[in-house]
Each structure stands twice: as C-alpha cells, then as structure tokens.
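Undergrad: What follows is a predicted structure for the sequence shown.
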Amino acid sequence: DAGITQSPRHKVTETGTPVTLRCHQTENHRYMYWYRQDPGHGLRLIHYSYGVKDTDKGEVSDGYSVSRSKTEDFLLTLESATSSQTSVYFCAISAGNTHTDTQYFGPGTRLTVL
Amino acid sequence: AQSVTQLGSHVSVSEGALVLLRCNYSSSVPPYLFWYVQYPNQGLQLLLKYTSAATLVKGINGFEAEFKKSETSFHLTKPSAHMSDAAEYFCAVSGDTGRRALTFGSGTRLQVQP
C-alpha cells in the first residue's frame, strides 16, 4: 500500500464549513496527488505536489486548496464546502521519478456535504 | 492532451467465461497505460501497466492487456472469470512528463454471475 494513510476516512459536514483532509506517506515520495471519484467520471485530478511547498492545479481545482509543508503530508482544504463537493477523495503518490512510474493510492475519504 | 474512453459502464459475465473490458485512449505523446481495480469501499490497486517494453502485458490475478497503437486500444482480458473478479476497473493514461498525473476513464463495473 506504499505506506499511504488518509484521515479522516469518513466525514459529514454542512454547506459553508471549512474542511481539511490529510494524506500521509511514510516513504519520502516526491510526487503526491489528490483525486476525487464520482460515479460516471472515474477519478479526476484536483491538485498535485512535486515537492515541499511546490503545488499546482489539476482539472477540477475550483473550491480547493492544498498545502505541503513536509514531504510526508499533503493537505487538501475545502475553504467553504458545497454539496457538489460530496465525493470520495483519494490521495496518491508516484513511486519513482518518471511519468511511467506506478501511482499508489490511499484508502480514500468519503466526504458528505449536507 | 490525453483522454481515455471505457466502453460499457457495466459488464456481466458468467463464472468461467472470458472477461473483456475495453479501453481506448487518445494522447498527443507516446502513452503509458495502466489498469487499476477497485473493490468495494477500497482504494485502487494496480493490475498492470504498459510502458513500451512489450505490447502484451501480464498482470496480477490472471489479467492481461494488449497495447494496439493502430487501434489506440488497451483492452483488458482474462480467460476465465472468477467470482472474486467482481469489482470496478479503471483504465488510465499517463503521458505528461511534467506533472505525471493520470487521466482516468469513467470505469467499468464487472459483475460475475454464478
């Protein structure tokens, strides 16, 4: 499982509240990713990081921000949650230094925004 | 730009029958292709990947896939389905040497009938 944990695993929140999801890895991988999974859409990239304090946007980044102050932690923040952000969120790492390398995924966080 | 199309959101086979899950890709650069499997309430697990070394790729659990450039396809097959193969399967492409993120298809849910 490449030593990836996500917390919390489940969260129910209300519209307009801030939410932070945490991804933690134990193997010092440089690249980390946040995806969301929705029925009929597969997984879509929200943000990614290529090092400490180095982050960039993916295809569905509106309403999300990220931070990476340590190699092992990658945080995803919903500044003001909306019902459209109800989803399952997966963190992933890239196991090597090329784009052919396998991505390994965490167990996911199921977020419900009421 | 890259994209992946998985034909058939649901596929049902009988136990012991051939499994064929279809994936077509579009990529402006040489693609690297992946198949992942997701069991209920779990993260994604790599089944196999194509990185140009060989066009026929063998993966875990008896699955294999063949890269066909002329058809822009990377279909997943297994000669004989087992009940434990019931899951959702995702095809993904990587060709972006910068961010190294994956672009996923929308997924195919495989049902195996006894």
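TA: All right, it came through fine.
Undergrad: all contacts plus neighbour counts: C-alpha atoms, from now on.
TA: OK.
Undergrad: Just want the residue of chain A that's nearest chain B.
TA: The nearest approach of chain A to chain B comes at A:Gly42, 3.9 Å away (Cα to the nearest Cα).
Undergrad: how many neighbours does the closest residue to that residue other than its chain neighbours have?
TA: In space, and not counting its chain neighbours, A:Gly42 is closest to B:Ser106: 3.9 Å by Cα to Cα, 6 or more residues apart in numbering or on different chains. Counted with other Cα atoms under 10 Å in any protein chain shown, the neighbours of B:Ser106 add up to 25.
Undergrad: if I pick B:Ser106, what's in contact with it?
TA: Listed by Cα atoms under 8 Å, 6 or more residues apart in numbering or on different chains, the contact partners of B:Ser106 are A:39-43, B:5-6, B:9, B:90.
Undergrad: quick one: which of these is most hemmed in?
TA: B:Phe90 (27 neighbours).
Undergrad: Need the three-state assignment for that one.
TA: strand (DSSP: H, G, I helix; E, B strand; the rest coil).
Undergrad: if we can go back for a sec, the residue of chain A closest to chain B contacts B:Gly105, correct?
TA: Yes: the criterion here is Cα atoms under 8 Å, and A:Gly42 meets it with B:Gly105 at 5.6 Å.
Undergrad: Now do stretch B:53-68: distance from first to last residue.
TA: Stretch B:53-68 has its terminal residues 13 Å apart, counting by Cα to Cα, to the nearest Å.
Undergrad: before we move on, what about stretch A:95-111?
TA: This stretch, stretch A:95-111, spans 26 Å end to end (Cα to Cα).
Undergrad: buried sites along it?
TA: Using 16 or more other Cα atoms under 10 Å in any protein chain shown as the test for burial, stretch A:95-111 gives A:95, A:99-111.
Undergrad: For chain A, what is the nearest residue in chain B?
TA: Closest point on chain B to chain A, by Cα to the nearest Cα, is B:Ser106, at 3.9 Å.
Undergrad: and that residue, what are its phi and psi?
TA: The phi/psi pair for B:Ser106 (degrees, to the nearest 10) reads phi -80, psi -10.
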